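[1] Provide a 3D model corresponding to the input given below.
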Amino acid sequence: MALYYWPWELVSAAQTTKENPKPTPVLKSLWPLRASLCLAALAVVLRPTNVLIWATIVFFTLTRISLQGSSPLTISTVFALIREAILCGSLILVISIASDRLYFGFWTFPAYNFLNFNLSKSLAVFYGRNPWHYYILQGLPLICTTSLPFAIMALYKSSAFASSTSQSNTLKTLAYTVFTTIGALSLISHKEVRFIYPLLPALSILSAPVAASFFTFQPDATTNNPRPRPQIRNKHYLLAALGVNAFLAGYLSFFHQTAPLNVLTYLRHEYERIHPDSVQLAQTSRFSVGPGKDEELFALFLMPCHSTPWRSHLVYPGLRAYALTCEPPLHTEPNTRERENYRDEADRFYDNPIPFLTSELFGPEKPLAVPRYIVGFDGIEPWLQDFVKTPEAQALSLTQVRPVWKGFNGLFNEDWRRSGKMIVWDTGIYDNAPPAKES
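    Numbers count the residues shown, from 1 in each chain. Coordinates of the predicted model:
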């Protein structure tokens, strides 16, 4: 949206006339510029790294490095740009700070926390390191899919497919935003594909003329048809590209890793079946009251962090659940032995499952209540069967676990801890248990 409203005539060549050699004013209305700046400021507030995109656009708008034609900017236009950027940026910043104050109950600035967490404390690497070429060899192919060849061609020679100087300068500017953003983010050790998703609109715009020239051609004009419509060519490649996209969309939407959603639906329906009074109370209450300490622990998730959407689906306040945490080591300093040896709760479970369950999760110091259900991937079932045979589990009256739900989770997974089906086991501690699920 911000790119749509941005006045791209600012990067076009200046238009002059014989009567007036001065550049014709390009900002006929400030409202599109204001809309673009407000949306751009909002994007930066939500993810500070988006400043790379807009800093690049502004830089090439002002300097015109490698752009064609003379600049249409005048002193008054530059002054208007600076004034509107300050006003729109300040407006969005004030709204953001006020919203955070109302939500959190105290003054905070998330952008500072973001930079402090990722740069000063260098805690982002706790969630993984990637090679410098990750975005080039993996990120771009994942977000572009079948349009990748066209995106590469457009980035290599963006102006070759432009029909005018204005379009050429616009495409060059968008190409520079891709280079700048990927180059800067590649310097950071922790990388994720979602970090470059804001580049997708620019990549789509860059790819469009290349794809259009490959899949269509303009027939020669005739007397009977002076303005012929473009005709399709390379139909086999077009059908193949559409087929690949349709297959990927269908598989990823309906088959790949569907269990994390389905298991929460199952648990929510089970809670509605077993505790109908709590459900009715939650529906009629105007306030969201958390579960009491005496209420049962409905579900225990023994799986890697963020494996499910969690509370977005487990909406009832009385539904107590516990999941293994992966909190970063905020108390440690970068490049210390303590930081290097730190293991979060999920890591400790997979490192040594039985001692973790007997000594830590259900240990003598602040033991976790025995849950009604245990949720995990089928790789942990042997561990659970060994755990229920321990004296610690039997002291909790936990003598068996019985699968009551199984969910298909796709044909493959890059994380071995998430491989296989997702399973819900009943611990047999509580009444109203559902029937066992056969393999």
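
[2] what residue ranges in the stretch 251-400 of the chain score low on pLDDT?
    280-295 (pLDDT under 70).

[3] tell me, how many residues neighbour the closest residue to Arg227 other than its chain neighbours?
    With sequence-adjacent residues excluded and distances taken as Cβ to Cβ, 6 or more residues apart in numbering, Arg227 is closest to Ala221, at 6.8 Å. In this view, the C-beta of every residue, glycine as well, is placed from N, C-alpha and C. Residues contacting Ala221 under the criterion other Cβ atoms under 10 Å number 10.

[4] quick one, helices of the stretch 1-150 of the chain?
    Residue ranges of the helices in the stretch 1-150 of the chain, as given by DSSP state H, counting those that start in this stretch, are 2-5, 31-46, 51-63, 75-104, 110-115, 134, 140-144, 148-156.

[5] for His313, find the nearest of the ones you listed.
    helix 75-104 (21.6 Å; Cβ to Cβ).

[6] could I get the average pLDDT for that closest one?
    In this model, helix 75-104 has a mean pLDDT of 93.

[7] if we can go back for a sec, ok, the residue nearest to Arg227 to Ser76 distance?
    44 Å (Cβ to Cβ, to the nearest Å).

[8] Thr49 too?
    32 Å.

[9] who's more crowded, these two?
    Remark: of Thr49 and Ser76, Thr49 carries more neighbours, 17 against 10, as counted by other Cβ under 10 Å.

[10] just give me the residue right at the centre of this structure.
    For the chain, the residue nearest the mean C-alpha position is Arg194 (4.4 Å; Cα atoms, centre = their mean).

[11] just confirm that one is within a helix.
    Yes - assessed by DSSP: H, G, I helix; E, B strand; the rest coil, Arg194 belongs to a helix.

[12] which residues touch it?
    Shown in contact with Arg194 (Cβ atoms under 8 Å, 6 or more residues apart in numbering): no residues.

[13] report pLDDT for it.
    pLDDT, read off for Arg194, is 92.

[14] what backbone torsions are found at Phe298?
    Reported as degrees, to the nearest 10, the phi and psi values for Phe298 are phi -70, psi -40.

[15] got it, and Phe247?
    Per-residue torsions, Phe247: phi -60, psi -50 (degrees, to the nearest 10).

[16] how many neighbours does it have?
    Neighbours of Phe247 (other Cβ under 10 Å): 10.

[17] next one: it from His256, what distance?
    11 Å.

[18] again with Val401
    Distance, Val401 to His256, by Cβ to Cβ: 27 Å.

[19] Pro304 too?
    For Pro304, the distance to His256 - Cβ to Cβ - is 17 Å.

[20] ok, Arg372 next?
    Separation of Arg372 from His256 (Cβ to Cβ) stands at 29 Å.

[21] with Gln394 instead?
    From Gln394 over to His256 (counting by Cβ to Cβ), the distance is 39 Å.

[22] compare the two and say which is more crowded by neighbours.
    Using other Cβ under 10 Å as the criterion, Gln394 and His256 rank with His256 on top: 15 against 11.

[23] does the residue lying closest to that one once chain neighbours are set aside belong to a helix, a strand or coil?
    In space, and not counting its chain neighbours, His256 is closest to Gly410: 4.1 Å by Cβ to Cβ, 6+ apart. Secondary structure state of Gly410, per three-state DSSP, is coil.

[24] enumerate every residue touching Gly410.
    Per Cβ under 8 Å, 6+ apart, neighbours of Gly410: Phe255, His256, Gln257, Thr258.

[25] out of those residues, which one sits closest to Asn341?
    Gln257 (31.4 Å).

[26] not counting sequence-adjacent ones, nearest residue to that closest one?
    Gly410 is the one closest to Gln257 (Cβ to Cβ, 6+ apart), at 5.0 Å.

[27] check the gap between the one you found and Gly420 for me.
    The value you get for Gly410 to Gly420, if Cβ to Cβ is used, is 10 Å.

[28] ditto for Val388
    Taking Cβ to Cβ, one finds Val388 at 20 Å from Gly420.

[29] ok, which stretches of this protein are strands?
    Per DSSP state E, the chain carries strands over the ranges 216-217, 231-232, 297-301, 320-323, 373-377, 402-407, 422-426.

[30] now for the fifth one, which elements pack on it?
    The reference is to strand 373-377. On a contact count with 3 or more Cβ pairs under 8 Å, 6 or more residues apart in numbering; DSSP states H and E, strand 373-377 meets helix 259-274, strand 297-301, strand 422-426.

[31] now those in JSON lines, with distance to Asn335 and mean neighbour count?
    Converted to JSON lines, these look like this (distance: least, Cβ to Cβ, whole Å; neighbours: other Cβ atoms under 10 Å):
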{"stretch": "helix 259-274", "distance to Asn335": "35", "mean neighbour count": "18"}
{"stretch": "strand 297-301", "distance to Asn335": "33", "mean neighbour count": "22"}
{"stretch": "strand 422-426", "distance to Asn335": "38", "mean neighbour count": "24"}
